[in-house]
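1. how would this look folded up:
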Amino acid sequence: MLNELAGGALIGIAASLLWLGVGRISGISGVVANLFLLRQGHRSWSMYFFIGLLVAYPFYVFFAGTPDMQMTDNKLILSIAGIFVGFGTYIGNGCTSGHGVCGNGRLSIRSMVATGTFIAFGVLTVLVMNNITNSWGV
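-> Down below sits the predicted model:
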């Protein structure tokens, strides 16, 4: 539980620093989209933020060890999941970090609806995957 609280605090601090320092929301889909903008001013902050995301995990492993995670190694399921996440991010105009952390923090109704939708579909996905795993032995 302490790791989860520390992680949440770090996400909140990073989101606050980005908002206060650059005036941008730290939604990952927006950060990645800004990497491809042609205007250099928008690209530099997102490049630093993205590099920070990439180096955070090795630092965590170095100081705290490998976290206990369980994930399928089924390439088909991972590919389908990636397509659904990408499509959902596109039609939802943002991702869980943008809506869930930053949008809800600003009391955005749109972000509250989006976050509720993310949670509902996350629960539905777990139910479906558990049913498939138990029924099909996948």
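2. mind checking how far the closest residue to Val101 other than its chain neighbours is from Phe59?
-> Distances taken as C-beta to C-beta, 6 or more residues apart in numbering place Ala15 nearest to Val101, at 5.3 Å, with adjacent residues excluded. Every C-beta, even on glycine, is put in place using the N, C-alpha and C of the backbone. Taking C-beta to C-beta, to the nearest Å as the criterion, Ala15 is separated from Phe59 by 19 Å.
3. Helix, strand or coil: sort out the residue nearest to Ser108 when sequence neighbours are not counted for me.
-> Computed as C-beta to C-beta, 6+ apart, the closest residue to Ser108 that is not its neighbour in sequence is His99, at 7.6 Å. Of the three states, His99 takes helix according to DSSP: H, G, I helix; E, B strand; the rest coil.
4. Report how many residues lie close to His99.
-> For His99, the neighbour count with other C-beta atoms under 10 Å is 26.
5. So Ser97 versus Asp68, what's the distance?
-> Separation of Ser97 from Asp68 (C-beta to C-beta) stands at 22 Å.
6. ok, residues contacting the lowest-mean-pLDDT helix or strand in the chain?
-> Least confident helix or strand, the chain: helix 28-35 with a mean of 80, by mean pLDDT, DSSP states H and E. Contacts to helix 28-35, defined as C-beta atoms under 8 Å, 6 or more residues apart in numbering, come from residues 24, 42-43, 45-47, 49-50, 53, 89, 94-95, 97-98.
7. before we move on, what about stretch 129-138?
-> By C-beta under 8 Å, 6+ apart, the list of residues contacting stretch 129-138 from outside reads Asn74.
8. how far out from the middle of the chain is that stretch?
-> In terms of C-alpha atoms, centre = their mean, to the nearest Å, the centre of stretch 129-138 is found 26 Å from the chain centre.
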